[in-house]
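Asks: model the following, please.
(one chain, ligands or ions: 1)
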Amino acid sequence: MIRPEAWKIHNPTGRHRVIATKRLVGTRWVELLAAHDCRVEVYDAEDMFGEEDLIAAVGERCDGALGQLNEPWNERVLTRFSDAGGKVISSYAVGVNNIDLAAATRLGVAVCNTPGVLTEATAELAVALVFSAIRRVAEGDRYMREGRFEGWLPSLMLGRQVAGRTLGLFGAGRIGQSVARSLAAGFGLDVLYFNPHPRPELEAYVADLAVVAKKHGHRLPSIRRTEDVDELFREADLVVLLSSYTPQLRHLVDARRLGLMKPAAVLVNASRGPVVDEAALIAHLRAHPEFTAGLDVFEFEPRLVDGLTDLPNVVLSPHTGSATLESRSAMATLAALNCVGALHRWPANTSVPTTELAADPTRQLVPSLLNAKELSWPAG
Ligand code: DGY
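Replies: Numbers count the residues shown, from 1 in each chain. Here you go, the predicted model:
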């Protein structure tokens, strides 16, 4: 339930009314909005916004909104937003599956996100989940806290090795490529990836790594793209899900595909929860204690499917992929620039890395406007 007293107003005389459904990290974002003539209404509490809450927050007049990835910016909300004069939804995330992009475009509402600045943070968490799952880090931590450690034992917390195995990467966008680079460079993993387009730059990177590895007598990593999703699940020792979400991907990982995986494989989901059929995953984890999983996102987020927390062979993380101070601060700057830029009709950025725009917010470009082409927005 949203509480009226939790709203805090910055720059009350600003001409453009902008709502932010959460306080973002740092202060630069709110300063940027205020400096560009925005009255910023920030919901300074942790309550989650549902459909009615968004409609109430938009009210009779609203020019822009800084929204969160778990809010339903559906056609009904967007229509009310547009009727209130809304011009831009600036999401504090890279994934925008919670926003009806087609409806926004029909209504002439710009939709913006924060790519680039969260790549390394999200890749780091995906890699952390791989290691936590396969080397039983969270389980070991619980064991210690429960006072059960009575001394070193030959097979205590026996896990499996990551080095030299095969990474199956589902989704080789920025984040997926960063995961592949770090695991191939750091631990000599072979990379098998599924992505709509080939990634020649990633393939060249791994080929160069192999040259260096050969020179120094290390294991040579390899890379190959597959167009067969089942092959990826069959061949990989660790499958990392990092694709952006569309409804077609719901339950991509179901009982059948889990059945294709190696008995001691690892599955990491840092994409969106519904990609994995969690009931099937629980059954699989129960039937194969040597199979492990690491989840940063959940099918019915924030609710967990019954039985998940009882299993020792799964590591759970509360959707913290991008949760580093560096990343969240830069995302806040981009979210503010996206909003300001869209309200002032700055050109849509097509040439400058978003990391540069976040570091130097003086460039008058909308950093990442997803429906720029459809809205015939000028490019810059
Ligand atoms: C996003 O921004 O979409 C990711 O879920 C961050 O973890």
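Asks: which residues of the stretch 51-200 of the chain score low on pLDDT?
Replies: By pLDDT under 70, the stretch 51-200 of the chain has no low-scoring segment.
Asks: now do the buried residues in stretch 58-70.
Replies: By neighbour count with 16 or more other C-beta atoms under 10 Å, stretch 58-70 contains the buried residues 58, 62-69. Yep, even glycine has a C-beta here, placed from its N, CA and C like the rest.
Asks: then stretch 246-264?
Replies: Residues of stretch 246-264 classed as buried under the neighbour-count rule (16+ other C-beta under 10 Å) are 249, 251-253, 257-258, 261-262.
Asks: cool, and stretch 123-143?
Replies: So for stretch 123-143, counting by 16+ other C-beta under 10 Å, buried means 123-139.
Asks: can you check stretch 300-319 too?
Replies: Result for stretch 300-319 [16+ other C-beta under 10 Å]: buried residues 301, 305, 308, 311, 313-317, 319.
Asks: wait, residue 159 touches residue 135, no?
Replies: Yes: Residue 159 is within contact range of residue 135, at 4.3 Å (criterion: C-beta atoms under 8 Å).
Asks: which parts of the chain are strands?
Replies: Listed in chain order, the strands of the chain (DSSP state E) span 7-10, 16-20, 38-43, 64-67, 88-91, 110-112, 166-170, 190-194, 223-225, 238-241, 266-269, 292-295, 314-316.
Asks: related to what we said a few turns ago, output the buried residues of stretch 300-319 in JSON lines, with pLDDT and distance to residue 206 appended to each entry.
Replies: Listed next are the buried residues of stretch 300-319 as JSON lines, based on pLDDT from 0 to 100; distance: C-beta to C-beta, whole Å:
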{"residue": "301", "pLDDT": "97", "distance to residue 206": "33"}
{"residue": "305", "pLDDT": "96", "distance to residue 206": "36"}
{"residue": "308", "pLDDT": "97", "distance to residue 206": "34"}
{"residue": "311", "pLDDT": "97", "distance to residue 206": "34"}
{"residue": "313", "pLDDT": "97", "distance to residue 206": "30"}
{"residue": "314", "pLDDT": "98", "distance to residue 206": "29"}
{"residue": "315", "pLDDT": "98", "distance to residue 206": "27"}
{"residue": "316", "pLDDT": "98", "distance to residue 206": "31"}
{"residue": "317", "pLDDT": "98", "distance to residue 206": "27"}
{"residue": "319", "pLDDT": "98", "distance to residue 206": "29"}
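Asks: residue contacts, residue 335?
Replies: With contacts taken as C-beta atoms under 8 Å, 6 or more residues apart in numbering, residue 335 has the following neighbours: 24, 29, 66, 90-92, 112, 114.
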